[in-house]
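**Q** Model the structure of this input:
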Amino acid sequence: MRGGDVILVISLLITSTGKCTTVDEGGGGGLDYSKLSGIIIPGFASTQLRAWSILDCPYSPLDFNPLDLVWLDSTKLLSAVNCWLKCMWLDPYNQTDHAECKSRPDSGLSAITELDPGYITGPLSSVWKEWVKWCIEFGIEANAIIAVPYDWRLPPSKLEERDLYFHKLKLTFETALKLRGGPSIVFAHSMGNNVFRYFLEWLKLEIAPKKYIQWLDEHIHAYFAVGAPLLGSTETIKGTLSGYTFGLPLSEGTARLMFNSFGSSVWMLPFSKYCRTEDAYWKHFSGVNKKGYLSYHCEENEHQTNYSGWPTNIINIEIPTTRGDDPYPSFVDIPSMECQMPTQLSFSAREVSDGTFFKAIEDYDPDSRRFLHQLKTSYHDDPVLNPLTPWERPPLKNIFCIYGTDMKTEVGYYFAPSSKPYPDNWIITDVVYEIEGNLYSRSGSVVEGNPGATSGDGTVPYNSLSWCKTWMGPEVNITRAPQSEHDGLDVQVQLNVEHQHGADIVPNMTKAPRVKYITYYEDAESLPGKRTAIWEIDKANHRNIVRSPVLMRELWLEMWHDIHPDKRSKFVTKAKRGPLRDEDCYWDYGKARCALPEHCEYRYAFGDVHLGQSCRIKNSSADLLLHYV
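**A** Residues are numbered from 1 along each chain as shown. Predicted structure coming up:
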């Protein structure tokens, strides 16, 4: 069955039933799924920025004119890097634009599909393009997919203050409801989840308390949190002290200056799972004086355990024991101090997010004062939410938390003075990685700590990604299945696994070598009318997960399962996986035929250049999709 046949089957189902209703099994009774919309909230650096100024670039034939691409125009970056930086840079204290140039986020799907369109760089900067392609292939209407780009350089309060972003996002949900007649499905990636979390808290203060849950039920059917840094990411520290180039032709020092000018860089700092801030929502309606009402407090576990719930200390840094007259020394004189060894200090996630670390190096690094200012004004004193605190389960009907695992992920750093002037005054001397449940240094030696059951997705550590497991109830169903198409022989299932609140869930299941799995954690019983699911995808990289065919297949099947009026379970079955598109069929050279012969056949078409292209889905009935009811 080809992609068009899939669309036809869905159309026939919708036509014959009038509307696709379901029994209320975890949120969705009586809902017309043909009216759903998809709202995409991209992650950090995943939205195009365009110039909103006229900037003459000396010594370069390329100038910046209104609507010219800034992020990401690799041509101008290479030929006029100083002009490009002016259009990217923000004042680190008040987040205003450079005096000579300013940039604003583009709008629409084109703003998030490819950051740098072009024959050479296009595929390298593709973000949501494959996602949109899948939507088109499976017959999703053009007005059913809505992108909500934002200026990812700004802290949350400035997004609302400068751009009214959260007001616009609220209107987007309400417009989608009027346009399509049904609620929306939210797809958020990486920092986009932080943005969505802030929106939900902002919404509490925007509408009447009694209508808050009603508004959520009417406008949001499901929330797919993809690669969410729920407890922050350690890579933020690397960008803060040594610079993160994003793979661009920039020096690390230049990248550091740019990154630290963004207020959003604080948004992704790692923080403790034991420390919280009082809920501004209840204080807002209690009549208490607003000044100083956001009280930050930590549980006893924060002081009784190590590392704030992380695998190890986030930062280990050497601090000189003496200083010269220069308040921000270049450390050129430090190696000559043979008799005075520098002091090494270690900082946990809490000490990073509450500002203790930045105060400790304030006399040695000018960026610390900027960070302390941003930390206090845009995060600790934010009137809506202190984002550097753990997130409880949002009161949404359906939540799917999806992330990659088993990737080598950085969880800690060792820094030392570099003997160079600012901004290159720090150098990374060692890195601590988590690899499949163990901690190793960059040299390969084992590091003591509290590693999780597995490792993260290459960017966000596992303990941060898997925090959404705390949103599940006391009994969880676990299924582990191969990612590739399979007949169900290698599927492992554990039902009603006991789960303690706040603890990880580690399945007692095996993994065959060289086989990539998906592990599903599902709970539809703990909260009446609500479903919570977690998908752990082996070897899925953080930045590329939204382009993963496996992820898109599972999303599609889950929605297909919800569409069907005769569904027999609360989640789509994992018993088997067959190909859905011609691209899923391939040539089995060992057997000299198309693999998966039950579903695929050899059918040459003009233009095929290899045997695998000629393997296509059989022209069969809708039985293929009925396996997933």
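**Q** now the stretch 51-200 of the chain, which segments are flagged as low pLDDT?
**A** The stretch 51-200 of the chain contains residues with pLDDT under 70 at 118-124.
**Q** please redo it, this time with the cut-off set to 80
**A** In the predicted model, the stretch 51-200 of the chain carries pLDDT under 80 at residues 59-61, 116-126, 134-140.
**Q** any idea where the helices of it begin and end?
**A** 74-79, 81-88, 110-113, 129-137, 156-163, 165-180, 191-206 (DSSP state H, counting those that start in this stretch).
**Q** I'd assumed Pro342 was in contact with Tyr364.
**A** No: between Tyr364 and Pro342 there is no contact under Cβ atoms under 8 Å: 10.6 Å. All C-beta atoms are positioned from the backbone trio N, CA, C, and that covers glycine.
**Q** Now do the same contact list for the residue nearest to the spatial centre of the chain.
**A** The residue lying closest to the centre of the chain (Cα atoms, centre = their mean) is Ser190, at 1.4 Å. Shown in contact with Ser190 (Cβ atoms under 8 Å, 6 or more residues apart in numbering): 42-44, 46, 226-229, 459-460, 542.
**Q** what's the closest non-adjacent residue to it?
**A** Nearest non-adjacent residue to Ser190, counting by Cβ to Cβ, 6 or more residues apart in numbering: Gly43, 2.9 Å away.
**Q** Settle this for me: the one you found is touching Met191, isn't it.
**A** Yes: proximity of Gly43 to Met191 meets the contact threshold set by Cβ under 8 Å, at 4.7 Å.
**Q** joint contacts of these two?
**A** Trp152.
**Q** picking that back up, quick one, which of the helices of the stretch 51-200 of the chain is nearest to Asp381?
**A** helix 156-163 (9.3 Å; Cβ to Cβ).
**Q** quick check: angle from the closest one to helix 191-206?
**A** Orientation check (axes from the mean of the first three to the mean of the last three Cα atoms, to 10 degrees): helix 156-163 against helix 191-206 gives 70 degrees.
**Q** what comes up buried for helix 156-163?
**A** 156-160 (16 or more other Cβ atoms under 10 Å).
**Q** Mind listing residues that contact it?
**A** 95, 150-151, 154, 165-167, 194-195, 198, 202, 263, 267, 378, 382-385, 387.
**Q** Buried by neighbour count, from those residues: which ones?
**A** 95, 150-151, 154, 165-166, 194-195, 198, 202, 263, 267, 378, 382, 384-385, 387.
**Q** Could you dump the buried residues of helix 156-163 into CSV and include distance to Thr519?
**A** Shown next, in CSV, are these (distance: Cβ to Cβ, whole Å):
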residue, distance to Thr519
Pro156, 32
Ser157, 37
Lys158, 38
Leu159, 35
Glu160, 37
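**Q** for those, which one is nearest Cys83?
**A** Lys158 (23.8 Å).
**Q** now the closest one: how far from Ala533?
**A** 34 Å (Cβ to Cβ, to the nearest Å).
**Q** Kindly report the same for Lys204.
**A** For Lys204, the distance to Ala533 - Cβ to Cβ - is 25 Å.
**Q** Who has more neighbours out of those two?
**A** Ala533 (25 against 17; other Cβ atoms under 10 Å).
**Q** Backbone dihedrals for the more buried one, please?
**A** phi -140, psi 150 (degrees, to the nearest 10).
**Q** quick one, what contacts it?
**A** By Cβ under 8 Å, 6+ apart, the neighbours of Ala533 are 399-401, 520-523, 571.
**Q** quick one: the strands in the stretch 451-600 of the chain?
**A** 475-482, 492-498, 517-523, 531-538, 587-588, 593-594, 600-602 (DSSP state E, counting those that start in this stretch).
**Q** ok and the first one relative to strand 517-523, angle-wise?
**A** With the same axes, to 10 degrees as the basis, strand 475-482 and strand 517-523 are set at 160 degrees to each other.
**Q** ok and strand 475-482 relative to strand 531-538, angle-wise?
**A** 30 degrees.
**Q** What average pLDDT does strand 475-482 get?
**A** Taken as a whole, strand 475-482 has a mean pLDDT of 96.
**Q** again, but for the last one
**A** Per-region confidence: strand 600-602 scores 91 on mean pLDDT.
**Q** Same question for the second one.
**A** Along strand 492-498, the predicted local confidence has a mean pLDDT of 94.
**Q** The third one too?
**A** Over the span of strand 517-523, the pLDDT mean works out to 96.
**Q** ditto for the fourth one
**A** Averaging pLDDT along strand 531-538 gives 96.
**Q** The helices of the stretch 51-200 of the chain: which one's closest to Ser368?
**A** With Cβ to Cβ as the criterion, Ser368 lies closest to helix 156-163 of these, at 20.8 Å.
**Q** what's the angle between the closest one and helix 165-180?
**A** Counting by the same axes, to 10 degrees, helix 156-163 lies at 70 degrees to helix 165-180.
**Q** CA atoms only: put helix 156-163 into CSV for me.
**A** The C-alpha trace of helix 156-163 is given here as CSV (Å, rounded to 0.1, in the frame of the first residue of the first chain):
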residue,chain,number,x,y,z
PRO,A,156,11.3,34.3,28.6
SER,A,157,10.3,37.6,30.1
LYS,A,158,11.8,39.5,27.2
LEU,A,159,10.0,37.3,24.7
GLU,A,160,6.7,38.6,26.1
GLU,A,161,7.9,42.1,26.8
ARG,A,162,9.4,42.8,23.4
ASP,A,163,7.4,40.5,21.0
